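K.L.:
Here's my sequence, what's the structure:
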Amino acid sequence: MLSTFDRALVRANRWVVIAILAAMATMVFANVALRFLTDYSILWVEEASRYTMVWLTFIGAGPVLRYGGHIGIDSLQQATPRFAPLIRAVVVVIMALFFCAMSLRMSGVASSSKVKGPLRLIFWPDADFRR
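P.N.:
Numbers count the residues shown, from 1 in each chain. You can find the predicted model right below:
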């Protein structure tokens, strides 16, 4: 019973991924063709294709994980000594802290054309709302 449900769910998930990918490819192809042939582009296609890519990533991650399709690098991990995970964890923490510090430092400098105003409202820990 449960294996039948699992097979049906995997089959449905696969077809949903195929449909989303086909829709995204069709939208982008039509937009590029229209832009090239008529100098007119469909305004909503860029945003719709961006969101379909996000949904495709989230919905498609399950089947890819199930069949072992994610990228993995085993050779470096196997070639390093036993204390390598500790060194790797320290390096990752240092890089994450550096990224957080730079994000907080640069939050008042960066701006975006899509988001009105500076990005300090998005990077709220460093936001000074009195400016």
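
K.L.:
elements contacting the lengthiest helix in the chain?
P.N.:
Secondary structure of the chain per DSSP state H: the longest helix is helix 2-38. Here helix 2-38 touches helix 45-66, going by 3 or more CB pairs under 8 Å, 6 or more residues apart in numbering; DSSP states H and E. The C-beta positions use only the backbone N, C-alpha and C, and glycine is treated the same way.

K.L.:
contacts for the helix it packs on?
P.N.:
Helix 45-66 is touched from outside by 10, 13-14, 16-17, 20-21, 23-24, 27-28, 30-31, 70, with contacts defined as CB atoms under 8 Å, 6 or more residues apart in numbering.

K.L.:
filter those to the buried ones?
P.N.:
Among these, those buried by neighbour count (16 or more other CB atoms under 10 Å) are V17, I20, M24, M27, V28, N31.

K.L.:
Kindly state the pLDDT recorded for the residue nearest to the first one when sequence neighbours are not counted?
P.N.:
The one in question is V17. Excluding its sequence neighbours, the residue lying closest to V17 (CB to CB, 6 or more residues apart in numbering) is G60, at 4.7 Å. pLDDT for G60: 89.
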